[in-house]
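A.B. asks: Here you go, sequence then predicted model.
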2 protein chains.
Amino acid sequence: MFRDLKWSDTEKKAARKAFQTALSREFEAVTRMTKERAAKIAQPDDLWDLENFLTESRKRIDHEYDYRYSVLPEVFARLILNGRLSEDEIKGLQQDKLELIGRYLEIARSR
Amino acid sequence: MFRDLKWSDTEKKAARKAFQTALSREFEAVTRMTKERAAKIAQPDDLWDLENFLTESRKRIDHEYDYRYSVLPEVFARLILNGRLSEDEIKGLQQDKLELIGRYLEIARSR
């Protein structure tokens, strides 16, 4: 179903912009946490905890930031749920995608 | 040959102390470099460079700090070569080990 959604060029631009905004916020958050953790390193285990945090962050970002149009509405819904995007920031999308995103949000919020 | 070396209890204590001294210096160095790198993170790639630095450091430390008595003279020679130990700090070892370590150092320094 979702694969049948048509994306206009204007809409693709709006989607790309929202996606990049969220990704920048993600990197800012990981960078801030990395600096905080590094500043507090007091023993060897703290080094490997930081290594693990970075590895998990990299894998999570690879997984969550998937720009295929077939999954993009779900990606945006997740980014709204975890606070990386506001609903205002995807207003450049057309009604069919906004409705789909809205449905994802409803399901997630009702759980 | 090296496996036939006998280690007295006093000597084992001296070896353990020197080994721990070097390992502490190693962790201090990696911690200092981690804090410096973290403080300078300016773009996403810097995060993954730091992750890679930590992974490589962990693997290198696992490999270099091998406390089996069969390899310990070679381990001490390497720690002296890379500046983690001074020759003074292994003086608690007996002559047979010191000679072996001395031979490793000679070979390495003549290359």
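C.D. replies: That came through fine. Residues are numbered from 1 along each chain as shown, chains lettered A, B, ... in the order given.
A.B. asks: helices and strands around the helix or strand of chain A with the lowest mean pLDDT, which ones?
C.D. replies: Least confident element among the helices and strands of chain A, by mean pLDDT, DSSP states H and E: helix A:95-110 (a mean of 95). Counting contacts by 3 or more C-beta pairs under 8 Å, 6 or more residues apart in numbering or on different chains; DSSP states H and E, helix A:95-110 packs against helix A:72-81. (C-beta placed from N, C-alpha, C; glycine too.)
A.B. asks: How far away from the center of its chain is the helix it packs on?
C.D. replies: When distances are taken as C-alpha atoms, centre = their mean, to the nearest Å, helix A:72-81 is centred 7 Å away from the chain's centroid.
A.B. asks: can you check stretch A:49-65 too?
C.D. replies: 13 Å.
A.B. asks: got the angle for the least confident helix or strand of chain A vs helix A:72-81?
C.D. replies: 50 degrees (axes from the mean of the first three to the mean of the last three C-alpha atoms, to 10 degrees).
A.B. asks: What are the buried residues along helix A:95-110?
C.D. replies: A:97-98, A:100-101, A:104-105 (16 or more other C-beta atoms under 10 Å in any protein chain shown).
A.B. asks: Stretch A:78-88 now?
C.D. replies: Buried residues in stretch A:78-88 (16+ other C-beta under 10 Å): A:78-80, A:84-85.
A.B. asks: can you tell if the helix or strand encompassing residue A:26 touches chain B?
C.D. replies: Using DSSP states H and E, residue A:26 sits within helix A:9-39. Yes - counting by C-beta under 8 Å from any C-beta of the partner chain, chain B has neighbours in helix A:9-39: A:27, A:30-31, A:34-35, A:37-39.
A.B. asks: Save the buried residues of helix A:95-110 as TSV, and put in distance to residue B:51 too.
C.D. replies: As requested, those are exported to TSV (distance: C-beta to C-beta, whole Å):
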residue	distance to residue B:51
A:97	34
A:98	37
A:100	35
A:101	32
A:104	31
A:105	33
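A.B. asks: Just give me the closest of those to residue B:72.
C.D. replies: Proximity of these to residue B:72 (C-beta to C-beta) peaks at residue A:104, which lies at 59.8 Å.
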